[in-house]
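Chemist: Got a predicted model here, sequence first, then my questions.
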Amino acid sequence: MAKIYEIYGTDAHSMTLSLLRAAHVSKQIPEGASIALKPNLVLSGTPETGATTHPGVLSGCIEYLQEAGFTDISVIESSWIGDRTEKAMKVCGYDKVCAQYGVPFYDLKKDRTRTVATPMRNMEITCRALDADFLIDLPVLKGHCQTAMTCALKNLKGCLPDAEKRRFHADGLMEPIAALGAVLKPSLVIVDSICGDLNFEEGGNPIQTNRMLLGTDPVQIDAYGCRLMGLQIDDVPYIRIAERWGAGSTEIGADDIITLNAPTDGMGYPPASGLVKKLTKSVRADRACSACYAALVRALYLAQKEGISVPNEIFIGQGWRGKTMSGLGIGKCCTGASDCVKGCPPSPDAILDRF
């Protein structure tokens, strides 16, 4: 059974180094291997917002690998639909890290793709992700407005072209995420749980939990992430599906968690709030993309804070394309609504202005 290494603190760089050294990761990497680091740069937001991977996680990985003699190292990622990866990497400080260590950054929105058979269907996956000898997944443990939680498995979605990301949402997200995890298995996962937003993927309400994790099984890591966030595994359906399709195991034995220090610098995770479910009770979503849905949820959150009434019926998602609805439509897929906030995605402020 795989092990999970856990460390508490606030210094992402030193914590990453400690995790890698404790797990003797260099011994697991073949000599001369090409190593790709895949962080979470979902949007142009700093790590302190709870949305993106701290640059210290990246610098810690690169420093450790270079000290161990590895030279073929790259950083790969693509932001969500509606944001630019190159902008996100600069906002997050990755440009400085890459320059300091002489490591290239590749925007996967510009990468070639290859068709790969998965347990669900064929998928287009970027070549740099597929061709890496040793893929290191660097997710943030945080909430998500559609999947309840995002961590190791869902972070791999950044290895897809935008067209495939849209198709994931058209297919309901859960099975596609699991199927991707079954064919694009990271060799290592290092989780940034220093200050993830436990409700929103795009951040804005970070919770300081001062913790990082390292493991080799993304399914096990996600199962443990659920435990930390107060969720049941079945609250995040793609985890069980991924296990069934051979992506890993949800089993966590009593001796599988190796803690490197005392949690004196760590904070606990608050109980699951159910906030998103409450906010979206009037939303009729049908295959909505993450960026569009997140913008809507943010607008609903702001409306609640400001005491603004929201429409009784709000429509969002690709499933409403070409249909006529009575209510407020969100995004270009819902132009058939009696009122529509146009955009792909529209901004939270634009949506809020129509409430």
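Modeler: On my side now, so go ahead. Residues are numbered from 1 along each chain as shown.
Chemist: The stretch 101-250 of the chain: helices as residue ranges?
Modeler: Taking DSSP state H, counting those that start in this stretch as the test, the helices found in the stretch 101-250 of the chain are 127-131, 152-155, 162-170, 174-183, 218-229, 238-244.
Chemist: any chance of these in TSV, with mean neighbour count and mean pLDDT too?
Modeler: In this view, the C-beta of every residue, glycine as well, is placed from N, C-alpha and C. What follows is the helices of the stretch 101-250 of the chain, written out as TSV (neighbours: other C-beta atoms under 10 Å; pLDDT from 0 to 100):
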stretch	mean neighbour count	mean pLDDT
helix 127-131	18	98
helix 152-155	29	98
helix 162-170	18	94
helix 174-183	24	98
helix 218-229	25	96
helix 238-244	23	98
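Chemist: now those as CSV including distance to residue 47?
Modeler: As requested, these are arranged in CSV below (distance: least, C-beta to C-beta, whole Å):
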stretch, distance to residue 47
helix 127-131, 22
helix 152-155, 14
helix 162-170, 22
helix 174-183, 23
helix 218-229, 17
helix 238-244, 25
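Chemist: Residue 289: which of the ones you listed is closest?
Modeler: Evaluated over the helices of the stretch 101-250 of the chain, closeness to residue 289 peaks at helix 162-170, with 4.7 Å, by C-beta to C-beta.
Chemist: Report the distance from the closest one to the chain centre.
Modeler: Relative to the centre of its chain, helix 162-170 is centred 15 Å away, using C-alpha atoms, centre = their mean, to the nearest Å.
Chemist: which helices and strands does it pack with?
Modeler: If contacts are counted by 3 or more C-beta pairs under 8 Å, 6 or more residues apart in numbering; DSSP states H and E, helix 162-170 sits against strand 122-126, helix 174-183.
Chemist: The ones you listed: which one's closest to residue 282?
Modeler: Smallest distance to residue 282 across the helices and strands packed on helix 162-170 (C-beta to C-beta): 23.0 Å, for helix 174-183.
Chemist: got a list of contacts for the closest one?
Modeler: Applying C-beta atoms under 8 Å, 6 or more residues apart in numbering, the contact partners of helix 174-183 are 116-121, 123, 125, 147, 153-154, 156-157, 159-160, 167-168, 218-219, 237-239, 241-242, 244-248.
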